[in-house]
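Here's my sequence, what's the structure:
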Amino acid sequence: LFIGGAFNGDPHPGNVLLLPDGRLGLIDYGQVKRMTVDERIRYAKLIIAICRDDPKEIARVLHDDLGVRTSKNDPEVMYRLAVFWHDRDTPDITLGLNVQLFMEEMERRDALVAMPESYVMAGRLSVLMRGMANAFGLRMGTAKAWRKYAEELLRREGVEF
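Here you go, the predicted model:
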């Protein structure tokens, strides 16, 4: 995603095969997405803000850089949704609710109005990768796993972070 700008937005276990020789086989490229360098820079800023656990900066990047809009632009809701989609679904973020109840609560507090497709698909990638990790008994924070790639992109493009 950060290196070449292309990623598979549907990386679930049914699309990953373990081949007899131990290699992985990837199938179903129907949801491959591409991000421009500018979109990747904006997304990298979000990943860094999440890793720094900076709610104000997360809300600012979502609104100002990524173009995300909610009905009230409530910074707390924007923070929780960003961290949920792009890093983790821990009780401190989900208020201890299951995914469905959490999403309903966020919608009740401050409904999502607009989110560019590139970032929807990046969030989907994050959630599905965490789901695959969970299937193997691993807890994964995708922002933390992606941080070094986000930082490399920002350095390469001369962007302060």
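
what's the following helix or strand after whichever helix in the chain runs longest?
Longest helix in the chain, counting residues (DSSP state H): helix 117-135. Downstream of helix 117-135, the next assigned helix or strand under DSSP states H and E is helix 142-156.

hang on, the earlier thing: from the contact counts, what lies against the longest helix of the chain?
Applying 3 or more C-beta pairs under 8 Å, 6 or more residues apart in numbering; DSSP states H and E, one finds that helix 117-135 contacts strand 6-8, strand 32-34, helix 37-51, helix 75-86, helix 142-156. In short, each C-beta sits where N, CA and C put it, glycine included.

Now do the contacts for the spatially most central residue of the chain.
The centroid of the chain falls nearest to residue 86 when counting by C-alpha atoms, centre = their mean (2.5 Å). Taking C-beta atoms under 8 Å, 6 or more residues apart in numbering, we find residue 86 in contact with 46, 47, 50, 122, 123, 126, 142, 143.

Among those, which one has the most neighbours?
Ranked by neighbour count (other C-beta atoms under 10 Å), the contacts of residue 86 have residue 47 at the top, with 30 neighbours.

quick one: pLDDT of that one?
At residue 47, the pLDDT value in this model is 98.

what's near enough to touch the closest residue in space to residue 18 that isn't next to it in sequence?
With C-beta to C-beta, 6 or more residues apart in numbering as the criterion, residue 18 has its nearest non-adjacent residue at 6.5 Å, and that residue is residue 24. By C-beta under 8 Å, 6+ apart, residue 24 lies in contact with 16, 17, 18.

residues near the first one, how many?
Here the neighbour count serves as a burial measure; for residue 16 (other C-beta under 10 Å) it reads 14.

what's the answer for the second one, then?
Around residue 17 sit 11 other residues, with neighbours defined as other C-beta under 10 Å.

Give the bridge partners for it, please.
Taking DSSP bridges as the rule, residue 17 bridges to residue 25.

so it touches residue 25, yeah?
Yes - judged on C-beta atoms under 8 Å, residue 17 makes contact with residue 25 at a distance of 3.8 Å.

picking up where we left off before, okay, the longest helix of the chain in PDB with CA atoms only?
Only the C-alpha atoms of helix 117-135 are listed here, as PDB (Å, rounded to 0.1, in the frame of the first residue of the first chain):
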ATOM      1  CA  GLU A 117     -13.300   5.000  -1.400                       C
ATOM      2  CA  SER A 118      -9.500   4.600  -1.200                       C
ATOM      3  CA  TYR A 119      -9.600   5.000   2.600                       C
ATOM      4  CA  VAL A 120     -12.700   2.800   2.900                       C
ATOM      5  CA  MET A 121     -10.700   0.000   1.200                       C
ATOM      6  CA  ALA A 122      -7.600   0.600   3.300                       C
ATOM      7  CA  GLY A 123      -9.700   0.300   6.400                       C
ATOM      8  CA  ARG A 124     -11.200  -2.900   5.000                       C
ATOM      9  CA  LEU A 125      -7.700  -4.200   4.400                       C
ATOM     10  CA  SER A 126      -6.800  -3.400   8.000                       C
ATOM     11  CA  VAL A 127      -9.900  -5.100   9.500                       C
ATOM     12  CA  LEU A 128      -9.500  -8.200   7.300                       C
ATOM     13  CA  MET A 129      -5.800  -8.600   8.100                       C
ATOM     14  CA  ARG A 130      -6.600  -8.300  11.800                       C
ATOM     15  CA  GLY A 131      -9.300 -11.000  11.400                       C
ATOM     16  CA  MET A 132      -6.800 -13.300   9.800                       C
ATOM     17  CA  ALA A 133      -4.300 -12.700  12.600                       C
ATOM     18  CA  ASN A 134      -7.000 -13.400  15.100                       C
ATOM     19  CA  ALA A 135      -7.700 -16.800  13.400                       C
END
